[in-house]
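K.L.:
next one to model:
(one chain, ligands or ions: 1)
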Amino acid sequence: MPETQTVTTVTAFQAGAAIGPRLSPAGGVAITGIDLAQPLTLALREAILAAFREHHVLVFRDQDLSNDEQLAFTRQFGEIEEHVARHSAASRYGLVHMVTNVGDDGQPTTKLTQTGNYHWHTDKSYHAVPSLMTLLHAKELPPAGGDTQFANMAMAYEALPETTKRQIAGLRVVHSWAASRRRAGAPPPSEIEMRERPPVEHPLVRTHPDTGAKTLYIGNHASHIIGMPEDEGDALLTELLEHATQPQFIYTHHWQDGDLILWDNRCLLHRAMANYEMTTHRRVLHRTVVTGTVPF
Ligand code: SIN
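P.N.:
Numbering: from 1, shown residues only. The predicted model follows:
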């Protein structure tokens, strides 16, 4: 069934919980009436995973999780990943990373837009085993804006002309932390970061391990296409990214106080939007990430 015709069929949510209609053709669904600080029953965990496979972005409203509670909720879906960046905001809470526009001096700033978060990416594609699921929990939000966008890579792949599908079948792409920093206009990574995170390669067309859908595995961490002259590969990656991030493939999340969202990195690109007064308002979210499997 095409993504746009998907209907919500989840019935196993606990009493008092409600799952809304799909938030956009590209994905997203809001779930209310669940306290994520409580351990999940087996049935509820299964219902959440079914909704995750169907809608790709789950929005849990009205949550207020401590770091420990967020970690405990995350652990119910797999192994938690460490963070790569060594700047202080990222390391403040260990496995719970702070995503923020607040600098080391405690002031909101535009300076931190120089990170990959503000460019289309899929988490940790510069790892041999990239992220499966990312969770972001709103702690402080600007009065307007500060949205997060998601682009559906299965829909984008499906919409490609058959000639392009044939052209890109079997191609492999190098992803690297260095490329990510370069594309984001950030200073190059340190030697330690480079040693810890050498470049890796992945298929350009990835198969979703749960649904079997073919997806474009691209974004800001993609460096170059193996066996293709650099400029030609770069042009193809740019063309695919432009195609894949057209409005019809995008869900834009407008944050509400208490939101905890989680998304599937295996079929989505995402980016933070600098669409708020970044030097005036604080935006603080807590992120945890579940490790995935080797893309094929
Ligand atoms: C991220 O890229 O993980 C963060 C996105 C955001 O800040 O909205």
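K.L.:
near the ligand, which residues of the stretch 151-296 of the chain?
P.N.:
Residues of the stretch 151-296 of the chain lying near the ligand by Cβ under 6 Å from any ligand atom: 270, 272, 285, 287. Where C-beta positions appear, they are placed from N, C-alpha and C, glycine not excepted.
K.L.:
once you drop chain neighbours, what's closest to residue 289?
P.N.:
Excluding its sequence neighbours, the residue lying closest to residue 289 (Cβ to Cβ, 6 or more residues apart in numbering) is residue 81, at 4.3 Å.
K.L.:
let me know the distance separating the one you found from the ligand.
P.N.:
Taking Cβ to the nearest ligand atom, to the nearest Å as the measure, residue 81 falls 12 Å from the ligand.
K.L.:
look at that residue and say how many residues are nearby.
P.N.:
23 (other Cβ atoms under 10 Å).
K.L.:
again with residue 69
P.N.:
The tally of other residues near residue 69 (other Cβ under 10 Å) stands at 16.
K.L.:
ok, residue 283 next?
P.N.:
22.
K.L.:
next, it: phi, psi?
P.N.:
phi -130, psi 120 (degrees, to the nearest 10).
K.L.:
same check, this time on residue 95
P.N.:
Main-chain dihedrals, residue 95, degrees, to the nearest 10: phi -70, psi -10.
K.L.:
any idea how far the ligand is from it?
P.N.:
Distance from residue 95 to the ligand, counting by Cβ to the nearest ligand atom: 14 Å.
K.L.:
next: residue 66.
P.N.:
20 Å.
K.L.:
using CSV, write out the CA atom coordinates for the longest strand along the chain.
P.N.:
In the chain, assigned by DSSP state E, the strand with the most residues is strand 131-140. Extracted in CSV, the C-alpha atoms of strand 131-140 (Å, rounded to 0.1, in the frame of the first residue of the first chain):
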residue,chain,number,x,y,z
SER,A,131,21.5,4.7,14.6
LEU,A,132,18.1,3.1,14.4
MET,A,133,15.9,5.3,16.6
THR,A,134,16.5,8.8,17.9
LEU,A,135,14.4,10.3,20.8
LEU,A,136,14.2,14.1,21.5
HIS,A,137,12.4,15.4,24.5
ALA,A,138,11.6,19.1,24.7
LYS,A,139,12.9,20.9,27.8
GLU,A,140,12.9,24.5,26.8
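K.L.:
next, the angle from the following helix or strand past it to strand 131-140.
P.N.:
Next in sequence after strand 131-140, counting helices and strands by DSSP states H and E, comes strand 148-152. Angle of strand 148-152 versus strand 131-140, following axes from the mean of the first three to the mean of the last three Cα atoms, to 10 degrees, is 160 degrees.
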